[in-house]
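With the sequence up front, the predicted model follows.
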Amino acid sequence: MTFPPKNAPALRTQIVDIARRAGTAILDIYNSGYTTRAKPDRTPVTDADERAEALIVAELRNLTPEIPIVGEEGYANGRAGIAQPPPPQFWLVDPLDGTREFVARNGQFSVNIGLVSNGRPLLGVIHAPADGLFWSGCVGAGAFRQKDDGPEKSIQARGMPQNGLVIVTSRSHASGADSAVASAYPIAEHRKLGSAAKFGLIAEGTADLYPRMGPTSEWDTCAGEAILVSAGGHVERTDGRLLEYGKLGFRNPDFVARGAW
């Protein structure tokens, strides 16, 4: 498959549907009970993470059998999904981004599905099941927001507002370094949120800046970056260079996501 494929809009829509089914499976477990365990890195994992990843991986293999898949839970269990150096295209899946928020039962978790092409994220879907929200985008084909099963609406990141920025930072992983970066800008509001939904808020123009000075993995950011770039925003390392995808270990450096400025 060459990318962007001629059927990119249809592919994006199909990934939204896969994310929707994963979100339904997650909410079924969220509302009925689950067990929480610790992975080797001591981060939590639940039945919902594993069931959602199994569903997404099966659906992606059926939809695009030629494209390898890297899922957070599979990687944690020793299944990298791709060789090094990586192939030109591969999927990155975080089936339940914000597991700590899921366990805390505050609703701030998401399903993230992103497609990488030649080291860059080019298609992404973020679904916040508890809120019924979807953000999606394909570079060159725009970005969109949807509520439940309502109509999709085109979205665009905004320029720097004159009355100060809406800053979003991690709810469970915030650091003093994040606040230090944010303090360099005029701030109108500072919100702490879980999951990759922070990218969606910047893409839709209701937030402006997300600094992350701490560890993340490529499956945490791929979908969000694809959506934000599709909406006219930016994601950059602190040295101004772009994030790269397909690195050994799939770990990201510090980065800043921002609107169209």
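Received it, and whenever you're ready, just let me know what you need. Numbering: from 1, shown residues only.

Could you list every helix and strand in contact with the helix-or-strand element of the chain with minimal mean pLDDT?
Confidence across the helices and strands of the chain bottoms out at helix 176-182, with a mean of 81, counting by mean pLDDT, DSSP states H and E. Contact here means 3 or more CB pairs under 8 Å, 6 or more residues apart in numbering; DSSP states H and E; on that basis helix 176-182 packs against strand 165-170, strand 209-212. In short, each C-beta sits where N, CA and C put it, glycine included.

Buried residues in that helix, which are they?
Judged by neighbour count (16 or more other CB atoms under 10 Å), helix 176-182 contains these buried residues: 178, 181-182.

for the helices and strands packed on helix 176-182, which one ends up most surrounded?
Burial among the helices and strands packed on helix 176-182, expressed as mean neighbours by mean count of other CB atoms under 10 Å, is greatest for strand 209-212, which shows a mean of 26.

Let me see the mean pLDDT of that one.
Taken as a whole, strand 209-212 has an average pLDDT of 96.

repeat for stretch 93-100
Within the predicted structure, the mean pLDDT of stretch 93-100 is 97.

Need the contact partners of that stretch.
By CB atoms under 8 Å, 6 or more residues apart in numbering, the surrounding residues in contact with stretch 93-100 are 22, 26, 43-46, 48-50, 52-53, 55-57, 60, 69-73, 102, 108-114, 172, 194-196, 217, 219-220, 223.

Show me which residues of stretch 125-141 are buried.
For stretch 125-141, burial by neighbour count (16+ other CB under 10 Å) applies to 125-130, 133-139, 141.

Need the three-state assignment for the closest residue to Phe134 other than its chain neighbours.
With sequence-adjacent residues excluded and distances taken as CB to CB, 6 or more residues apart in numbering, Phe134 is closest to Gln146, at 4.2 Å. For Gln146, the reduced secondary structure class is strand; criterion used: DSSP: H, G, I helix; E, B strand; the rest coil.

please renumber so the chain begins at 57
Renumbered: residue one is now 57, and that last one reads Gln202.

Burial check on Gln202, number of neighbours?
Using other CB atoms under 10 Å, the number of residues around Gln202 comes to 18.
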